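Peer 1: Give the three-dimensional model of this entry:
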Amino acid sequence: MSAVFKFCPQCATPLAEITLPEDGGDKTRWRCTACDFTHWNNPTPVLAAVIEYNGQILLARNVAWPGKMYALITGFMEAGETPEEGIAREIAEETSLSSSALSLLGVYDFQRMNQVIIAYHAVCHGEVALSPELVDYRLYDLQDVKCWPAGTGYALAAFLRSRGHEPRFIEPVWRKEIEPADD
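Peer 2: Have a look, this model is predicted:
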């Protein structure tokens, strides 16, 4: 178990892995031995959008990503906004597009990043202008888009199925194994 916090944010004492009884049984969590602070490390809710733009799917590439990975528009909710307001804001901030229709696709587990994805289908209009955090975007016909077997990829697969297309999945970079060299 790795800690996001190494020190207690209340008293600065180093946190320790401590097992205590909780509802449902014993749980090991990062806890402060001085003031009893508990770092819960609960999953973070993340919003995602399958953007339908001029009859195609818009996928974007983050400036920090290696290679040519493209994905859904995603972002974190702000305090005081609903998930629908949050995803409409994220779409506008990252692409300058306006959303004329939003519908919930589903909620998807993304344990590798300790996130819960709340995914929407968004019908969008306007002129695409990317935020500085995105470097490129591509438009895909529904039959040509490929899904990744994690988090937002499952949301994209659900959308494709709802439109009568059987999703095709790629092998993600984080699962590829290095082949041993021939002797």
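Peer 1: need the next SSE after the longest strand seen in the chain, C-terminal direction.
Peer 2: Longest strand in the chain, counting residues (DSSP state E): strand 98-110. Counting by DSSP states H and E, the next helix or strand C-terminal to strand 98-110 is strand 115-125.
Peer 1: and that following strand with strand 98-110, angle?
Peer 2: Strand 115-125 runs at 160 degrees relative to strand 98-110, counting by axes from the mean of the first three to the mean of the last three C-alpha atoms, to 10 degrees.
Peer 1: now the helix or strand following strand 115-125, how far from the centre of its chain.
Peer 2: Per DSSP H and E, the first helix or strand lying C-terminal to strand 115-125 is strand 134-140. Distance of strand 134-140 from the chain centroid (C-alpha atoms, centre = their mean, to the nearest Å) equals 17 Å.
Peer 1: try stretch 160-167
Peer 2: With C-alpha atoms, centre = their mean, you get 21 Å for stretch 160-167.
Peer 1: And it, end to end?
Peer 2: The straight-line separation of the ends of stretch 160-167 (C-alpha to C-alpha, to the nearest Å) is 6 Å.
Peer 1: sorry, back to before: packing partners for the longest strand of the chain?
Peer 2: strand 44-53, helix 83-95, strand 115-125, helix 151-162 (3 or more C-beta pairs under 8 Å, 6 or more residues apart in numbering; DSSP states H and E). (Each C-beta comes from the backbone N, C-alpha and C, glycine too.)
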